[in-house]
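Enquirer: here is a sequence with its predicted model. Questions after.
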Amino acid sequence: GTSPGVGGGERVSATMEANRESAIDALTKARAKKDAGDHASAVRLAEKSLRICKTEEAQAFLDFLVKFGPGSEAAKAIDRVLQAADHYAVLDVAPDADAPAVKRAYQQRALKIHPDKNHAAGAQQAFQRLNEAHNTLSDPAKRREYDLKRPAASGSAAQAGPAWGAAAGWHSKPQPQPRPGAVPRASAASAG
């Protein structure tokens with residue numbers, strides 16, 4: 001007769017191979033979703049691939065999606081540069097920053113957004129904008145010309161507009177916010 005384990009082993013092997021193929025198919029679909037810009041579906045399909053059959057390839061792809069996807073620290077760094085109102089905000093320096101401060105700020109930002117290190121969407125554009133800001137602010141003649149064209153050419157942080165101040169997250173004094181549903185009180189002057 002035949003050994004009881006022989007036929008069962010072939011079924012297990014066939015099932016494992018079918019699972020592996022299903023996992024590869026899910027991973028292929030995940031990559032296509034990523035390329036199409038559908039991050040949520042890409043993550044879901046990469047996770048499905050891992051549930052079906054754990055592979056280093058699927059785990060590496062999922063790790064990539066988490067590290068560089070929307071909402072990640074890498075993507076936030078790119079967004080801060082792309083949404084900055086001016087060159088000073090791109091480098092996150094005050095309008096009166098000296099040359100060493102501009103250089104330091106550039107180097108710190110470049111480490112976070114260089115396209116060779118940061119694979120989040122928009123990295124190339126953000127790095128180009130960072131370089132433009134650095135080239136302009138590190139050259140005294142270009143910087144003077146840039147400052148003359150800025151709406152707040154005086155250079156004070158208080159007058160520099162939305163790029164330097166509240167929009168960048170620095171508030172001189174927190175503003176009280178009314179509670180939802182609160183009724184405003186009448187002032188003493190209006191009462192009498």
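Expert: Perfect, I can see it now.
Enquirer: contact partners of stretch 71-78?
Expert: Residues from elsewhere that reach stretch 71-78 (CB atoms under 8 Å, 6 or more residues apart in numbering): 66-69, 109, 112-113, 118-123, 126. From N, CA and C alone the C-beta is placed, and that goes for glycine too.
Enquirer: what's the closest of these to D147?
Expert: R109 (20.3 Å; CB to CB).
Enquirer: quickly find the element holding the closest one.
Expert: Assigned by DSSP states H and E, R109 belongs to helix 99-113.
Enquirer: would you point out the most distant pair within the contacts of stretch 71-78?
Expert: Using CB to CB, the two most remote members of these are V66 and R109, lying 22.4 Å apart.
Enquirer: which neighbouring elements make contact with the helix holding R109?
Expert: helix 73-82, helix 87-91, helix 123-138 (3 or more CB pairs under 8 Å, 6 or more residues apart in numbering; DSSP states H and E).
Enquirer: okay, buried residues for that helix please.
Expert: Across helix 99-113, burial judged by 16 or more other CB atoms under 10 Å covers V102, A105, Y106, R109, K112, I113.
Enquirer: okay if I get those as TSV plus distance to A32 and pLDDT?
Expert: As requested, those are exported to TSV (distance: CB to CB, whole Å; pLDDT from 0 to 100):
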residue	distance to A32	pLDDT
V102	42	96
A105	39	97
Y106	37	97
R109	33	96
K112	29	95
I113	27	95
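Enquirer: and which of those is nearest to R150?
Expert: V102 (15.4 Å).
Enquirer: do you know how far D25 is from R80?
Expert: D25 sits 38 Å away from R80, going by CB to CB, to the nearest Å.
Enquirer: which of those two has more residues huddled nearby?
Expert: The neighbour count for D25 versus R80, taken as other CB atoms under 10 Å, is higher for R80 (17 against 14).
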